[in-house]
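Student: what follows is a predicted protein model with its sequence.
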Amino acid sequence: MVDHWSISANIMGAQRGRSMMIAKLLLQTFIWFGVMGALLFLSAGTFAWPAAWVYLVVMVGLSLTMGVALARRDPGLMNERLSAPIQKNQAAADKVLLSILLIGIFGWLSFMGFDFRFGWSAVPFWAQAVGALVLLVGIWICYLTMLENSFAAPVVKIQDERGQRVITTGPYSYVRHPMYAGAILFFAGTALLLGSWWGLVSVLVFIVLLAIRTFIEEKTLRTGLRGYDDYATRVRYRLIPMVW
(Lines give C-alpha, C1' and ligand atoms only; values in the text may rest on other atoms or scores of the structure.)
Protein backbone atom coordinates (compact mmCIF):
# COMPACT_ATOMS: atom_id res chain seq x y z
CA MET A 1 0.00 0.00 0.00
CA VAL A 2 1.32 3.41 -0.96
CA ASP A 3 1.91 5.75 1.96
CA HIS A 4 0.50 8.94 0.50
CA TRP A 5 1.24 10.91 3.66
CA SER A 6 4.95 9.99 3.48
CA ILE A 7 5.12 10.88 -0.20
CA SER A 8 3.43 14.23 0.43
CA ALA A 9 5.75 14.94 3.36
CA ASN A 10 8.81 14.15 1.22
CA ILE A 11 7.59 16.42 -1.57
CA MET A 12 6.87 19.25 0.87
CA GLY A 13 10.26 18.74 2.51
CA ALA A 14 12.03 18.93 -0.85
CA GLN A 15 10.12 22.07 -1.80
CA ARG A 16 10.90 23.68 1.55
CA GLY A 17 14.58 22.81 1.18
CA ARG A 18 14.67 24.25 -2.33
CA SER A 19 12.96 27.45 -1.16
CA MET A 20 15.52 27.87 1.63
CA MET A 21 18.33 27.28 -0.87
CA ILE A 22 16.97 29.96 -3.21
CA ALA A 23 16.62 32.36 -0.27
CA LYS A 24 20.27 31.69 0.60
CA LEU A 25 21.18 32.27 -3.05
CA LEU A 26 19.40 35.64 -3.03
CA LEU A 27 21.11 36.71 0.18
CA GLN A 28 24.60 35.67 -0.94
CA THR A 29 24.16 37.20 -4.39
CA PHE A 30 23.15 40.62 -3.11
CA ILE A 31 25.85 40.61 -0.41
CA TRP A 32 28.56 39.56 -2.88
CA PHE A 33 27.60 42.06 -5.57
CA GLY A 34 26.94 44.73 -2.95
CA VAL A 35 30.56 44.36 -1.84
CA MET A 36 31.73 44.37 -5.47
CA GLY A 37 29.71 47.52 -6.19
CA ALA A 38 31.12 49.23 -3.11
CA LEU A 39 34.69 48.41 -4.16
CA LEU A 40 34.11 49.68 -7.69
CA PHE A 41 32.24 52.89 -6.92
CA LEU A 42 34.20 53.91 -3.82
CA SER A 43 37.50 53.63 -5.67
CA ALA A 44 35.99 55.36 -8.72
CA GLY A 45 34.79 58.21 -6.50
CA THR A 46 31.47 58.38 -8.35
CA PHE A 47 28.34 56.42 -9.19
CA ALA A 48 28.43 57.87 -12.73
CA TRP A 49 30.14 54.84 -14.24
CA PRO A 50 27.76 53.27 -16.79
CA ALA A 51 29.95 50.25 -17.54
CA ALA A 52 30.09 49.30 -13.86
CA TRP A 53 26.29 49.48 -13.59
CA VAL A 54 25.90 47.33 -16.71
CA TYR A 55 28.37 44.83 -15.28
CA LEU A 56 26.65 44.57 -11.89
CA VAL A 57 23.11 44.36 -13.28
CA VAL A 58 24.08 41.69 -15.82
CA MET A 59 26.00 39.69 -13.21
CA VAL A 60 23.20 39.81 -10.64
CA GLY A 61 20.64 38.79 -13.26
CA LEU A 62 22.72 35.91 -14.60
CA SER A 63 23.75 34.72 -11.15
CA LEU A 64 20.16 34.52 -9.95
CA THR A 65 18.84 32.98 -13.17
CA MET A 66 21.51 30.27 -13.32
CA GLY A 67 21.40 29.72 -9.56
CA VAL A 68 17.64 29.12 -9.50
CA ALA A 69 17.93 26.81 -12.51
CA LEU A 70 20.67 24.80 -10.79
CA ALA A 71 18.72 24.66 -7.52
CA ARG A 72 15.85 23.03 -9.39
CA ARG A 73 17.97 20.77 -11.58
CA ASP A 74 20.72 19.74 -9.16
CA PRO A 75 20.11 20.85 -5.54
CA GLY A 76 23.12 18.85 -4.32
CA LEU A 77 25.47 20.84 -6.53
CA MET A 78 23.80 24.14 -5.69
CA ASN A 79 24.18 23.39 -2.00
CA GLU A 80 27.91 22.89 -2.61
CA ARG A 81 28.19 26.09 -4.62
CA LEU A 82 26.60 28.05 -1.77
CA SER A 83 28.93 26.61 0.86
CA ALA A 84 31.74 28.55 2.58
CA PRO A 85 34.94 29.21 0.58
CA ILE A 86 37.02 27.71 3.41
CA GLN A 87 35.97 24.24 4.60
CA LYS A 88 37.16 21.61 7.07
CA ASN A 89 37.83 18.84 4.53
CA GLN A 90 39.33 21.19 1.92
CA ALA A 91 42.91 20.64 0.76
CA ALA A 92 45.20 22.78 2.95
CA ALA A 93 47.05 24.31 0.00
CA ASP A 94 43.72 25.26 -1.58
CA LYS A 95 42.68 27.16 1.55
CA VAL A 96 45.74 29.35 1.19
CA LEU A 97 45.45 29.81 -2.57
CA LEU A 98 41.71 30.51 -2.51
CA SER A 99 42.23 33.14 0.19
CA ILE A 100 44.88 34.81 -1.97
CA LEU A 101 42.57 34.63 -5.00
CA LEU A 102 39.64 36.26 -3.16
CA ILE A 103 41.84 39.05 -1.77
CA GLY A 104 43.28 39.50 -5.26
CA ILE A 105 39.80 39.87 -6.78
CA PHE A 106 38.85 42.55 -4.25
CA GLY A 107 42.08 44.45 -4.92
CA TRP A 108 41.64 44.05 -8.67
CA LEU A 109 38.14 45.54 -8.63
CA SER A 110 39.33 48.50 -6.56
CA PHE A 111 42.29 48.99 -8.89
CA MET A 112 39.97 49.19 -11.92
CA GLY A 113 37.85 51.74 -10.06
CA PHE A 114 40.93 53.92 -9.59
CA ASP A 115 41.75 53.38 -13.28
CA PHE A 116 38.36 54.86 -14.18
CA ARG A 117 38.75 57.67 -11.64
CA PHE A 118 42.13 58.86 -12.88
CA GLY A 119 41.72 57.99 -16.56
CA TRP A 120 44.70 55.66 -16.84
CA SER A 121 43.11 53.68 -19.69
CA ALA A 122 41.43 54.76 -22.91
CA VAL A 123 39.42 51.72 -23.94
CA PRO A 124 37.20 52.27 -27.01
CA PHE A 125 33.53 51.33 -26.86
CA TRP A 126 33.97 48.48 -29.34
CA ALA A 127 36.56 46.88 -27.04
CA GLN A 128 34.15 47.17 -24.11
CA ALA A 129 31.49 45.47 -26.24
CA VAL A 130 33.95 42.68 -27.07
CA GLY A 131 34.66 42.43 -23.35
CA ALA A 132 30.97 41.95 -22.61
CA LEU A 133 30.83 39.14 -25.17
CA VAL A 134 33.96 37.46 -23.77
CA LEU A 135 32.52 37.74 -20.26
CA LEU A 136 29.27 36.07 -21.35
CA VAL A 137 31.15 33.26 -23.11
CA GLY A 138 33.17 32.68 -19.94
CA ILE A 139 30.03 32.50 -17.81
CA TRP A 140 28.41 30.15 -20.32
CA ILE A 141 31.39 27.78 -20.17
CA CYS A 142 31.22 27.79 -16.37
CA TYR A 143 27.47 27.08 -16.49
CA LEU A 144 27.91 24.24 -18.98
CA THR A 145 30.57 22.80 -16.68
CA MET A 146 28.18 22.81 -13.73
CA LEU A 147 25.42 21.23 -15.82
CA GLU A 148 27.83 18.43 -16.77
CA ASN A 149 29.53 17.96 -13.40
CA SER A 150 27.37 17.60 -10.31
CA PHE A 151 30.55 17.59 -8.19
CA ALA A 152 31.87 21.00 -9.31
CA ALA A 153 32.39 22.31 -5.78
CA PRO A 154 34.00 25.73 -5.24
CA VAL A 155 36.77 24.15 -3.13
CA VAL A 156 39.25 21.34 -3.73
CA LYS A 157 38.03 18.23 -1.92
CA ILE A 158 36.80 14.68 -2.52
CA GLN A 159 33.03 14.34 -2.07
CA ASP A 160 32.78 10.72 -0.92
CA GLU A 161 29.46 11.43 0.79
CA ARG A 162 27.96 12.32 -2.61
CA GLY A 163 29.53 9.42 -4.50
CA GLN A 164 31.87 11.58 -6.55
CA ARG A 165 33.08 10.10 -9.83
CA VAL A 166 35.24 11.24 -12.72
CA ILE A 167 33.39 13.31 -15.33
CA THR A 168 34.69 12.82 -18.86
CA THR A 169 31.90 14.23 -21.03
CA GLY A 170 30.88 17.69 -22.27
CA PRO A 171 33.57 20.35 -21.76
CA TYR A 172 35.60 17.79 -19.79
CA SER A 173 36.27 15.93 -23.03
CA TYR A 174 38.37 18.90 -24.22
CA VAL A 175 40.18 20.13 -21.10
CA ARG A 176 40.46 18.83 -17.55
CA HIS A 177 39.53 22.14 -15.91
CA PRO A 178 36.87 23.84 -18.05
CA MET A 179 35.59 25.91 -15.12
CA TYR A 180 38.96 27.64 -14.82
CA ALA A 181 39.09 28.18 -18.57
CA GLY A 182 35.72 29.91 -18.35
CA ALA A 183 36.90 31.92 -15.33
CA ILE A 184 39.88 33.27 -17.28
CA LEU A 185 37.56 34.51 -20.02
CA PHE A 186 35.30 35.98 -17.34
CA PHE A 187 38.16 37.95 -15.79
CA ALA A 188 39.40 39.19 -19.17
CA GLY A 189 35.89 40.19 -20.26
CA THR A 190 35.26 42.00 -16.97
CA ALA A 191 38.40 44.13 -17.37
CA LEU A 192 37.53 45.09 -20.94
CA LEU A 193 33.89 45.84 -20.15
CA LEU A 194 34.95 48.08 -17.27
CA GLY A 195 37.39 49.85 -19.60
CA SER A 196 40.67 49.00 -17.92
CA TRP A 197 43.74 47.95 -19.91
CA TRP A 198 45.63 47.67 -16.63
CA GLY A 199 42.90 45.43 -15.26
CA LEU A 200 43.29 43.24 -18.34
CA VAL A 201 47.05 42.97 -17.82
CA SER A 202 46.39 42.05 -14.18
CA VAL A 203 44.42 39.00 -15.34
CA LEU A 204 47.81 37.36 -15.86
CA VAL A 205 48.03 37.07 -12.07
CA PHE A 206 44.73 35.17 -11.97
CA ILE A 207 45.88 32.90 -14.79
CA VAL A 208 48.97 31.99 -12.76
CA LEU A 209 46.91 31.40 -9.60
CA LEU A 210 44.40 29.21 -11.45
CA ALA A 211 47.21 27.28 -13.11
CA ILE A 212 48.70 26.60 -9.68
CA ARG A 213 45.28 25.51 -8.45
CA THR A 214 45.04 22.91 -11.22
CA PHE A 215 48.12 21.21 -9.75
CA ILE A 216 46.64 21.32 -6.24
CA GLU A 217 43.34 19.92 -7.49
CA GLU A 218 44.89 17.20 -9.60
CA LYS A 219 47.09 16.03 -6.74
CA THR A 220 43.94 15.61 -4.63
CA LEU A 221 41.98 13.92 -7.43
CA ARG A 222 44.76 11.54 -8.44
CA THR A 223 45.10 10.44 -4.82
CA GLY A 224 41.46 10.19 -3.84
CA LEU A 225 39.35 9.66 -6.96
CA ARG A 226 39.44 6.36 -8.80
CA GLY A 227 39.85 6.67 -12.57
CA TYR A 228 41.26 10.19 -12.60
CA ASP A 229 44.74 9.04 -13.66
CA ASP A 230 43.27 7.30 -16.72
CA TYR A 231 41.18 10.35 -17.54
CA ALA A 232 44.21 12.66 -17.28
CA THR A 233 46.07 10.37 -19.68
CA ARG A 234 43.27 10.56 -22.25
CA VAL A 235 42.58 14.31 -21.93
CA ARG A 236 46.04 15.87 -22.07
CA TYR A 237 45.18 19.56 -21.77
CA ARG A 238 44.42 21.36 -18.52
CA LEU A 239 43.00 24.73 -19.59
CA ILE A 240 43.43 25.44 -23.31
CA PRO A 241 42.92 22.76 -26.01
CA MET A 242 46.07 22.08 -28.05
CA VAL A 243 48.07 24.51 -25.85
CA TRP A 244 48.22 23.51 -22.16
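Tutor: Thanks, I have the structure now.
Student: so which helix or strand takes in residue 181?
Tutor: Using DSSP states H and E, residue 181 sits in helix 178-193.
Student: and the helix or strand following that helix, average pLDDT?
Tutor: Next helix or strand after helix 178-193 toward the C-terminus (DSSP H and E): helix 197-224. For helix 197-224, mean pLDDT rounds to 95.
Student: packing partners for helix 197-224?
Tutor: Judged by 3 or more CB pairs under 8 Å, 6 or more residues apart in numbering; DSSP states H and E, the packing partners of helix 197-224 are helix 92-118, helix 178-193, helix 228-234. Quick note: C-beta positions are derived from backbone N, CA and C, even for glycine.
Student: deepest in the core, which of those helices is it.
Tutor: Of all the helices and strands packed on helix 197-224, helix 178-193 carries the top mean neighbour count, a mean of 23, counting by mean count of other CB atoms under 10 Å.
Student: so who does residue 36 touch?
Tutor: Contact analysis of residue 36 by CB atoms under 8 Å, 6 or more residues apart in numbering lists 56, 59, 109.
Student: do that again at 7 Å, thanks
Tutor: 56, 109 (CB atoms under 7 Å, 6 or more residues apart in numbering).
Student: burial count for the closest residue to residue 228 other than its chain neighbours?
Tutor: Leaving aside its sequence neighbours, residue 228 sits nearest to residue 221 (CB to CB, 6 or more residues apart in numbering; 4.4 Å). Residue 221 has 21 neighbours, counted by other CB atoms under 10 Å.
Student: measure residue 221 to residue 156 for me?
Tutor: As judged by CB to CB, to the nearest Å, residue 221 and residue 156 stand 8 Å apart.
Student: check residue 95 too.
Tutor: As judged by CB to CB, residue 95 and residue 156 stand 9 Å apart.
Student: one more: residue 60?
Tutor: According to CB to CB, residue 60 and residue 156 sit 27 Å apart.
Student: still on that earlier bit, as CSV, the helices and strands packed on helix 197-224 with distance to residue 131 and mean pLDDT would be great.
Tutor: Shown next, in CSV, are these (distance: least, CB to CB, whole Å; pLDDT from 0 to 100):
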stretch, distance to residue 131, mean pLDDT
helix 92-118, 12, 95
helix 178-193, 2, 97
helix 228-234, 33, 93
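Student: of the ones you listed, which is nearest residue 140?
Tutor: For the helices and strands packed on helix 197-224, the distance to residue 140 is smallest for helix 178-193, at 7.4 Å, taking CB to CB.
Student: contacts for that closest one next, please.
Tutor: 51, 55, 112, 123, 127-128, 130-132, 134-135, 137-139, 141-142, 145, 152, 171-172, 175, 199-200, 203, 206-207, 210, 214, 239-240.
Student: show me just the buried residues among those residues.
Tutor: Buried by 16 or more other CB atoms under 10 Å: 51, 55, 112, 123, 127-128, 130-132, 134-135, 138-139, 141-142, 145, 152, 171-172, 175, 199-200, 203, 206, 210, 214, 239, out of these.
Student: thank you kindly, that will do.
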